[in-house]
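Asks: For reference, the sequence and a predicted model appear below.
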Amino acid sequence: MAVRCEEIDWAAVDGCYGPATAVPELIGQLASPEPVVRAGAISELWGCLCHQGTVYEASATAVPFLYEAAKAPGMPSAERNQLLALVVHIGLGEDTTWQGYTPWAVVRSCARAVEALLPDLTAWALEGTHEARTWALALAAYNPDSWISLGVDVVQLMPGIDTATVHLVRHATSGTIPAETLIDTILASDDDLREYYQEVIAEVPQNRQARQLVLELAVAGRL
């Protein structure tokens, strides 16, 4: 990387709890041989950089280092999944819970930092890494223009996934609105997801629903 984590002035950027001075040590702990240390660091990083869905100045700064840690050889699958989930959630733009907490300029800087990873994340996903496939699709759903420019068919990242889910992801990654019958099919076998959809996703503008549903499928391990 062009800039190393320890070269960043973390005191100059805020996380959830003020100056993000703890972030470099937490990122360093992601390379620990001790699972309990890595797990604790991931939990703390979520709390500092994406607390209850809100992002901060430090969130955008941390994105490339979180991504680099996720790609480290030997990173356990579950931890890689949590790190990539954190990266993608930092980049959700208007779907973060930023109102009243974070300036829109900071939200956009986070979204741009994460969007910039999409080509590399997609290339990694095409190599067959399951966690990369899952989160590349979720990130693509939030950045359809960037995804289209890559010329990749979502089916390449969805081996063994049911046809209805593939169609939903295609809608999300092309910025189009799926039919209600397709959504009903996706929700038919998952009562928890149906309840979340009805209580939360159905209340947002229609052009944002498919991407949020794809995100929830990623969280649920269905992509």
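Replies: Sure thing, it's come through. Numbers count the residues shown, from 1 in each chain.
Asks: From here on, just use CA atoms for contacts and neighbour counts.
Replies: OK.
Asks: where's the spatially most central residue of the chain, which helix or strand?
Replies: For the chain, residue 88 is the residue whose C-alpha lies nearest the centre (Cα atoms, centre = their mean; 1.6 Å). Here residue 88 sits within helix 77-90, counting by DSSP states H and E.
Asks: How many neighbouring residues does the residue lying closest to the residue nearest to the centre of the chain once chain neighbours are set aside have?
Replies: Distances taken as Cα to Cα, 6 or more residues apart in numbering put residue 139 closest to residue 88, at 6.1 Å, once the chain neighbours are dropped. Each residue near residue 139 was counted by other Cα atoms under 10 Å, and the total is 31.
Asks: quick revisit: and the residue nearest to the centre of the chain, what does it touch?
Replies: Listed by Cα atoms under 8 Å, 6 or more residues apart in numbering, the contact partners of residue 88 are 114, 135, 138, 139.
Asks: Going by secondary structure, the last one is in what exactly?
Replies: This means residue 139. helix 130-142.
Asks: In contact with the residue nearest to residue 88: list those residues for me.
Replies: Here residue 139 is in contact with 88, 115, 118 (Cα under 8 Å, 6+ apart).
Asks: what helix or strand is the residue of the chain most remote from its centre on?
Replies: Outermost residue of the chain with respect to the C-alpha centroid, by Cα atoms, centre = their mean, is residue 181; its distance is 26.7 Å. Per DSSP H and E, residue 181 falls inside helix 180-187.
Asks: And the contacts of that helix?
Replies: Against helix 180-187 from outside (Cα under 8 Å, 6+ apart): 164, 165, 168, 193, 194.
Asks: quick check, nearest of the residues you listed to residue 36?
Replies: Lowest distance from residue 36 to the contacts of helix 180-187 (Cα to Cα) belongs to residue 193, with 30.2 Å.
Asks: Skip the chain neighbours and tell me the closest residue to that closest one.
Replies: Nearest to residue 193 is residue 187, by Cα to Cα, 6+ apart, at 6.4 Å.
Asks: before we move on, what about residue 38?
Replies: residue 30 (4.8 Å).
Asks: cool, residue 219 as well?
Replies: Closest to residue 219 by Cα to Cα, 6+ apart is residue 85, at 7.6 Å.
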